[in-house]
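**Q** kindly return the folded structure for what I paste below:
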Amino acid sequence: MSRSKKTLLSDDHAVALADLFRLLGDPTRLKIVVSCLRSPLAVSDIADRLGLSVSLVSHHLRLLKGARLVRADRQGKQVYYQADDLHVRRMVEDMVTHIAEH
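**A** Residues are numbered from 1 along each chain as shown. Model prediction:
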């Protein structure tokens with residue numbers, strides 16, 4: 001098998017990646033992820049920052065958590081959300097930088 005064929009995405013990975021980008025294609029979900037890049041935030045804090053209802057933010061967070069874009073950490077009765085890992089943080093920050101260049 002040639003080297004170029006090894007670097008191509010498998011069909012399953014291509015579908016998974018497209019689904020991930022589809023999730024981030026929604027401006028509200030993208031803003032939620034960006035708000036969670038630097039520090040963990042409670043749902044109510046995210047809702048306040050973005051001017052959205054807590055129920056709408058919760059709905060989007062459920063989808064983002066399912067896609068492993070954000071993770072939830074419970075502290076007592078409060079749940080805090082942040083970018084799931086360094087890969088997510090880098091990807092989103094790099095794309096934000098990319099669009100700011102033009």
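**Q** what's the neighbour count on residue 81?
**A** By the criterion of other C-beta atoms under 10 Å, residue 81 has 25 neighbours. To be clear about C-beta, it is placed using only N, CA and C from the backbone, and glycine gets the same treatment.
**Q** verify the contact between it and residue 39 for me.
**A** No - shown here, residue 81 and residue 39 do not form a contact pair, counting by C-beta atoms under 8 Å, at 10.2 Å.
**Q** give me every residue that touches the residue sitting nearest the centre point of the chain.
**A** For the chain, the residue nearest the mean C-alpha position is residue 69 (3.8 Å; C-alpha atoms, centre = their mean). Residues in contact with residue 69 (C-beta atoms under 8 Å, 6 or more residues apart in numbering) are 20, 23, 24, 33, 83, 84, 88.
**Q** what residues of the helix or strand hosting residue 21 count as buried?
**A** Secondary structure from DSSP states H and E places residue 21 in helix 11-24. The neighbour-count check on helix 11-24 (16 or more other C-beta atoms under 10 Å) flags 23, 24 as buried.
**Q** who does that helix touch, helix- and strand-wise?
**A** If you count contacts as 3 or more C-beta pairs under 8 Å, 6 or more residues apart in numbering; DSSP states H and E, helix 11-24 packs onto helix 27-35.
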